[in-house]
Every structure is written in structure tokens, then in C-alpha cells.
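Chemist: what's the 3D shape of this:
(6 chains)
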Number of protein chains: 4
Amino acid sequence: MPDARPNGADLRRAILDRSRSLLVEEGYHHLSMRKIARAVGCSATSIYLHFESKDALIHALIDEGMARLHDRLEAARDSAGRDDDPAACLAAMARAYVAFGLENPEYYQVMFQLHPDRMARYPAEHYRRARRNLELFAGVLARGAEAGTFRVENPDVGAHVLWTALHGLISLLLAERVDVRIADEAFVEAAIRHALDGFRVGAPAS
Amino acid sequence: MPDARPNGADLRRAILDRSRSLLVEEGYHHLSMRKIARAVGCSATSIYLHFESKDALIHALIDEGMARLHDRLEAARDSAGRDDDPAACLAAMARAYVAFGLENPEYYQVMFQLHPDRMARYPAEHYRRARRNLELFAGVLARGAEAGTFRVENPDVGAHVLWTALHGLISLLLAERVDVRIADEAFVEAAIRHALDGFRVGAPAS
Amino acid sequence: MPDARPNGADLRRAILDRSRSLLVEEGYHHLSMRKIARAVGCSATSIYLHFESKDALIHALIDEGMARLHDRLEAARDSAGRDDDPAACLAAMARAYVAFGLENPEYYQVMFQLHPDRMARYPAEHYRRARRNLELFAGVLARGAEAGTFRVENPDVGAHVLWTALHGLISLLLAERVDVRIADEAFVEAAIRHALDGFRVGAPAS
Amino acid sequence: MPDARPNGADLRRAILDRSRSLLVEEGYHHLSMRKIARAVGCSATSIYLHFESKDALIHALIDEGMARLHDRLEAARDSAGRDDDPAACLAAMARAYVAFGLENPEYYQVMFQLHPDRMARYPAEHYRRARRNLELFAGVLARGAEAGTFRVENPDVGAHVLWTALHGLISLLLAERVDVRIADEAFVEAAIRHALDGFRVGAPAS
DNA sequence: AATGAATGAGCATTCATTCAT
DNA sequence: GATGAATGAATGCTCATTCAT
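Modeler: Model (predicted):
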């Protein structure tokens, strides 16, 4: 008979899951240890059995987010015909990235906008995971470069450049800083295309 | 002999200045009325003589930041030969924008990343100021379009698109999310060029 | 040409008038020196030129209230045929008293429920004014006793007894402690009659 | 050896007890969480372990008061010969009610004078408890009516009417508004009798 | 493994009052 | 007579964390 109140490894999972929900549903500044504990059905103290501190919990959350994002990017790439059409792949991935950000505002912000001093303690692990997503972009760019579809000098740099553009789009939309007369699907599409077009043959190398 | 503890109109200035420093040094979520007061050398209560609320203080800070940024963009545009060379103008402005962001990390973040929840009360005035900066970009784009230098369908949209790219670059650098092996001047330059190249004649319209 | 911003003796009047309004409209715990000043159109400091402290201001307010109440009681008594019909007089006064309380909830509470430590400094003056209202009741009771209409041993005691009953009615209604299924005009009337009937000949003396 | 600083369930009790004392000693508007904490010897935060909010603490205080009052009223009724002599019962209860109020001044004020704004959140439970005390009065009135001792149309209304009279007596005495030359035991007795006499057969119905 | 109890530091804001001008 | 500037104390409440059990 399963108990409603998880314990052991299940508790760790439950904490992560409920934290993510709280984050997505109520926002970062509503995410407190007490509230997580209440949502999970354990004591606030118990969280500390599984996570050294709130920072550590948030790092774990970020890591999971990176993995989720990775899955989505891979899925987008594969569904766009993994090897045949690098341009379509890259476009699908860019759109998937933007969609992920816009669908999970607070989560995305924690993953990519959290202030560095919150991140200071576990940078290595974090960067490794985040990098995997960029490698996905870099891989497609490299493949496209080989195939003559893209003009890219350094795929890693190219991936970063593309990333900054997509991230800027998401950030400003989430912060609601984009003029309401501008911010519609057409604008999102225009920004994505602008970010992608720089790689087209005929454009200068990134 | 000047007194260390400012008063009168000086106090207002001192509050703004010290707030900005605290913001840059410690980050938004460490910015409290008490800390500002301690840094300025007045009582927390006194801040309320000059600013209706913490929100109002932050709005004032943002407004100042927008004005400073505006000055810098104008200066960049003008020093690049205002009317003669739209491409040079746009490049100079883009670099000035990025430089401003990188030199004033937390200030920039408050200006452009602060969640709208936190500043819901005075959005109109704020947006108007922010828009003026975008109009600077849009103006150059429009001039370039007329001169046949740029290919831009709608200068306002184009300005927003450019903005998202530059903003993304700044954001990720400030959040220290960019791989240290990538994040150097060459990368910044590459990203800026990528953002600009989309407007070149021969590239698709934004 | 009259100035919108009163000064001198006018200022004192204006402070009292606006304080009373604020009290009646917003309640005692919203009555702060700052708010009064804002409502009057003077500085908070200026209030201290006319009233030693907030307590003193409130005492003055109470005194005025007592005078207003006095006027109303007198008017009620006189309109009920001052000398001819003590019973009608007393009833009219009782109703006027209750009406005054119910129409000016917060004002009434300040006049009669304010905690003694707020009153400590000026009790003498206060009591003298309050007593005048009771003397009005006592007068009618005495007249009725002479005329054989009332059975009252000591008119002063009788006035106090009547007062406690009316005050209790007002207090509980204002505090919204009376069951909603009970609290209507019929109940108010029943309570007033109950309070008055004790003085009827045939009832035991108060 | 008992520790001076209570903990656990004792702490809850200590908080209630010290709060009640502070209320009596300093008055409602001086009752702050911090002061309670200081008096109890715990941190202000700890109070929140036992009471959700200041309101909840005050509600608990009120509930306790209502229960104590209930006990006293029941005891008075029973000691006066529960069923045999309704008039004696009612008189004993009225005197017990007044005695309770005069012996627990601030306690009484919190129970019956606190403005509803301050206790808006749990009115239902509160009113239910308060009503139980009135039902005690109503019960005796009903019994007396059946026995022909009292003349009461509606026992609930009658109980409320009696309550207003007793409450007014207590309120004015506690607020020290009653003339010192009047306020002695004889006056209290006179007021109580006045309140009771309205129910005597021969008097009009309440 | 898990928890209830406890805490100190912190928050934005309001208050009555004082003082130099 | 009047004021603007300034303040210390206070408010209810939330937070991440610790510790004894």
C-alpha cells in the first residue's frame, strides 16, 4: 500500500517535482522551503536531508531543467529529419528553445537569469549540463557547415551566438518589455529568422 | 567644509547614487531600504521623504538609467557620423548598448530584467522612456533603409529584433552563463556582427 | 480674498473639522497627524502649534462631540414638549442619543470607549462636559418624578442607569456583536423601551 | 527544576496567559507580538508556531474568555437553583456577568468591544461561542416565561436586550466614564435591577 | 530517516514628534 | 505662525537554517 507521504528517495523526487510546480505556478520569490515542505507533505527540516541548502535545491532544479530542455531540443532536431536538412533542424530547435522558455517563464528565468551569486557554489556541474544543450546546436551547425548549408567558422561560437539571440528574445518577452504593438507571433518568428539567417551561406561567418 | 551626511536635495541624489552602487555591488534582492539608509547615512524613514516607496525609488533609478543609456546611444550615433553612414552608426550604437550593459551589470538587469510584477505601478512612464532608446535604433534603420544600406521592412520591428539579440548577449554574459572559453571580446564582437548582419542588403528583411 | 489654506484660529477650526470627518469616515486607527495635515492642507508640524499632542487634539474632539450631542438632546427634549410630557421627552432624548451613536460610529467610540490611558491627562475637563449630557436626562427625570410620571429615587443615578443601557445598545450594535437575525429597528426600539420602562410608575425605583 | 523559559505546549499556554496580562496591564493597542515574546521569554517568531497570526491569537483569547464566562454564568445559574426560581437565576447570572466584566477589564474589552475590522476573519466561530452565553440567558427567560415569572415575548430578543444593558454598564465603568460620585456598588446594583425589572410580570414585554 | 520547536535577521512601511529655519 | 526635513521606535510577518530528539 503506497503511503501518501513519500520518504527516502521518493521524497527527494517529490521535493524536486513540487518545487518545480511551485516555481512554474507561483514564481521564484514564492518558492520558500516552508511552502515546498507544505506542498510535499513533509517537514521543512526534511528537505535538508536531501539538499544541503536552498541553493543546492535550486541547482538540482536547474539541472533537471537543462535535461528537459535537452530532450525537447533533441526531439525537435530528430523530428525535423536529423541529418538530411540542417537548416530545418536548426530552425526547429530554435523554435523549440523559444517555446520552452515562453511556456515555463519562471522556470526559464531561474535556469538562465538567476543571479550569479546564487550560482557561485556549483558552477562546474551546472555549466556541464548547460553546455550539452549548446552542443546540440553546435552539432547541427557543424553538420550544416560540412554540407555547405551554413557558413560558420566555429560551430561552438556559432551556437553561443544563436543562443544569445534566442535568449534575448525570450527574456524581453518574459519581462514584458517588448512593445505590445510589436509582440505577437510574427515578431517572434521574425526574431528567430533573423537569428538563423546569419548562418545562411551568403551571410558572413559567425 | 562639506558634511559627510547629506541633506535636502543632496540627500535625494545621495540616495539614488548609493542605491545604484548597492544595486551594482550586491544585486537587486539585497537592496533594502535599511541598507540604502545605512549606506547613505540617514534613517530609513528619511528615504520616504524623497521617494514614495521602494518601487518609486527603483522607478527613479530605472528612469535615470534609461536617460543615461539614451545619452550614450546618441553620442555613439553622432560620433559615427550621424547621417552619412547608417551602417557605421548602427554598429556604433550596438556596441555602445552592449558596453553600457556590461559596465553596469545589476543596473542593466534592473532596467531590463526586473519582473513586471515588481514594477507594476508605473509602467506607462517607464515604457515611454525605454521606447525612446528603441526609437534611436529605429531611426537609424529607417535612414539606412531609405539610403538603400539596410533591408528592413519595418524599422520598429527591426529595432526590436536587434534589441533582443543585443539584450540576450548582455544577459547571458552578466549571468555568467557563457562558457568562459568562449566569452571574450571576439565572441562579443561576433554576436554583435551576427545581430547586425541580418539587416545587410542581401539578407532577408526583418 | 479668502485663502484655501487656513491659518491662525481658522487653522485650529479646520484641524478639528477635518479630524472629525476623518474619524467618522475612516475610523480611529486611520486618524494620524500626517493624514489630518494632508486633509487640512497644512504641515503636520503646524498641528502642534494648536494642539499640544495627538491626545490633546482628541480631547478637543471629544469635547466638541459632547457639545454636539448636548445640542441634539436638547433639541429632542424641546421638540417633545419640554415641560408638558416628561415621558415623551425622555423617550425622544433616548432615541436621539441612540441615533447620534449609530450615525457617528467611530466618533461615538472615541467619545465613550477610548481607553482610559488616552484620557488620563485631561479627565476633569472631559467629565464636566460629559456630565452636562447626563444632567439633561436627570432634569427630565426629576421633572417627571415631581409630576408623578416617573418613579425615580435619585435622578442622577437614574440618568446614569439609563445611559448605561443606551450605551450598551449602541456599543454592541457598533461592534456588530448583535446577532444579525436580531439587529433591526424593532430590536433597537425594544431595547430603548426596556430601558425607559424601568422608570414608569409601577416599576421599582432606580 | 522547572525552566523559566517555557517550551512546547507550555509555551502556547504561556503566550495566552502573558497576552492576557499584557492586555489588562497595557491595553489592546499596546499588545504587539514582540512585546508578548519579550514577556514570555521566547522569540517573536515562536509565537507563530502556535498562532497563525496576531488575529488568531486574539481569537484564541476571546474564545477562552467566552468559555470562562460561560462557566461562570452556568455556575451562577445552578447555584441559584437552576429550575426553581428563574428570577433568582437571572439575577445571579446578571451579577456574574457584570462581575466577570469588571474583574477582567481588558479581557472583557477584547471579547466584546474589539472592532469587527480587527477580527473579520473568523467571525463565525466567534459568534457561535458568544451566542452560547446569550442562550444561557434566553433559556432562563424562557423557563421563567413558562412559569409565569417573566413577561417576555421572545426570549432571544429578551436576552439581547438584557445583554445590552449589562454590557453598557460594564463598558462605561471600565472606560471610567461614570462619575466617581455615582460609581459604587449601589449604582451597579441599581443598574442591574433596572435591567432585570423590565422582565417582571406587570412590565411590558421585551 | 525524519521532525517539531525554535530562532535571529530581515523586510517595507507608518507613526508621533522634534528642531532648525 | 508656519514649515520641511529628519528621526527612532514600532508594527506584523516571512525567511533559511539549526538542533535536540
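
Chemist: how far does the helix or strand that contains residue A:193 sit from the chain's center?
Modeler: Remark: residue A:193 resides in helix A:185-197, with elements defined by DSSP states H and E. The gap between where helix A:185-197 is centred and where its chain is centred comes out at 19 Å by Cα atoms, centre = their mean, to the nearest Å.

Chemist: near chain B at all, it?
Modeler: Yes: contact of helix A:185-197 with chain B (Cβ under 8 Å from any Cβ of the partner chain) involves A:187, A:190, A:191, A:193, A:194, A:195, A:197. All C-beta atoms are positioned from the backbone trio N, CA, C, and that covers glycine.

Chemist: which strands or helices does that helix pack on?
Modeler: Applying 3 or more Cβ pairs under 8 Å, 6 or more residues apart in numbering or on different chains; DSSP states H and E, we find helix A:185-197 packed against helix A:86-103, helix A:155-174, helix B:155-174.

Chemist: redo that, cut-off 6 Å
Modeler: In terms of contacts (3 or more Cβ pairs under 6 Å, 6 or more residues apart in numbering or on different chains; DSSP states H and E), helix A:185-197 is packed against helix A:155-174, helix B:155-174.

Chemist: let me know the pLDDT of the closest residue to residue A:19 other than its chain neighbours.
Modeler: Nearest residue to residue A:19 in three dimensions, chain neighbours excluded: residue A:36, at 5.2 Å (Cβ to Cβ, 6 or more residues apart in numbering or on different chains). On pLDDT, residue A:36 comes in at 94.

Chemist: what of residue A:202?
Modeler: Residue A:202 carries a pLDDT value of 68.

Chemist: could you pull out the buried residues of stretch A:164-176?
Modeler: Across stretch A:164-176, burial judged by 16 or more other Cβ atoms under 10 Å in any protein chain shown covers A:164-176.

Chemist: got the domain boundaries for chain A?
Modeler: If you go by automatic domain parsing, the domain ranges for chain A are A:1-51, A:57-197.

Chemist: near chain B, which residues of chain A? Just list them.
Modeler: A:113, A:115-116, A:157, A:160-161, A:164-165, A:167-169, A:171-172, A:175-176, A:182, A:190-191, A:194, A:197-198, A:203-204, A:206 (Cβ under 6 Å from any Cβ of the partner chain).

Chemist: out of the domains of chain A, which gets nearest to residue B:137?
Modeler: Nearest of those to residue B:137, taken as Cβ to Cβ: domain A:57-197 at 12.6 Å.

Chemist: ok so, going back, single out the most deeply packed of the domains of chain A.
Modeler: Mean neighbours per residue, mean count of other Cβ atoms under 10 Å in any protein chain shown, is largest over these for domain A:57-197, with a mean of 19.

Chemist: and the next element down the chain from the lowest-mean-pLDDT helix or strand in chain A?
Modeler: Every helix and strand of chain A was ranked by mean pLDDT, DSSP states H and E. The lowest is helix A:116-119, at a mean of 66. Using DSSP H and E, the helix or strand that follows helix A:116-119 towards the C-terminus is helix A:123-146.

Chemist: give the other helices and strands that that next one contacts.
Modeler: Helices and strands touching helix A:123-146, as assessed by 3+ Cβ pairs under 6 Å, 6+ apart, comprise helix A:54-79, helix A:86-103, helix A:155-174.

Chemist: contact partners of the shortest one?
Modeler: With Cβ atoms under 6 Å, 6 or more residues apart in numbering or on different chains as the test, helix A:86-103 has contacts from A:69, A:72-73, A:76-77, A:80, A:108, A:140, A:143-144, A:147, A:149, A:166, A:170, A:192, A:196.

Chemist: could you rerun that using 7 Å?
Modeler: Helix A:86-103 is contacted from outside by A:69, A:72-73, A:76-77, A:79-82, A:108, A:136-137, A:140-141, A:143-144, A:147, A:149-150, A:162, A:166, A:169-170, A:173, A:188, A:192, A:195-196, using Cβ atoms under 7 Å, 6 or more residues apart in numbering or on different chains.

Chemist: can you lay out the helices and strands packed on helix A:123-146 as JSON lines showing mean pLDDT and distance to residue A:47?
Modeler: Formatted as JSON lines, the helices and strands packed on helix A:123-146 follow (pLDDT from 0 to 100; distance: least, Cβ to Cβ, whole Å):
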{"stretch": "helix A:54-79", "mean pLDDT": "93", "distance to residue A:47": "7"}
{"stretch": "helix A:86-103", "mean pLDDT": "96", "distance to residue A:47": "27"}
{"stretch": "helix A:155-174", "mean pLDDT": "95", "distance to residue A:47": "28"}
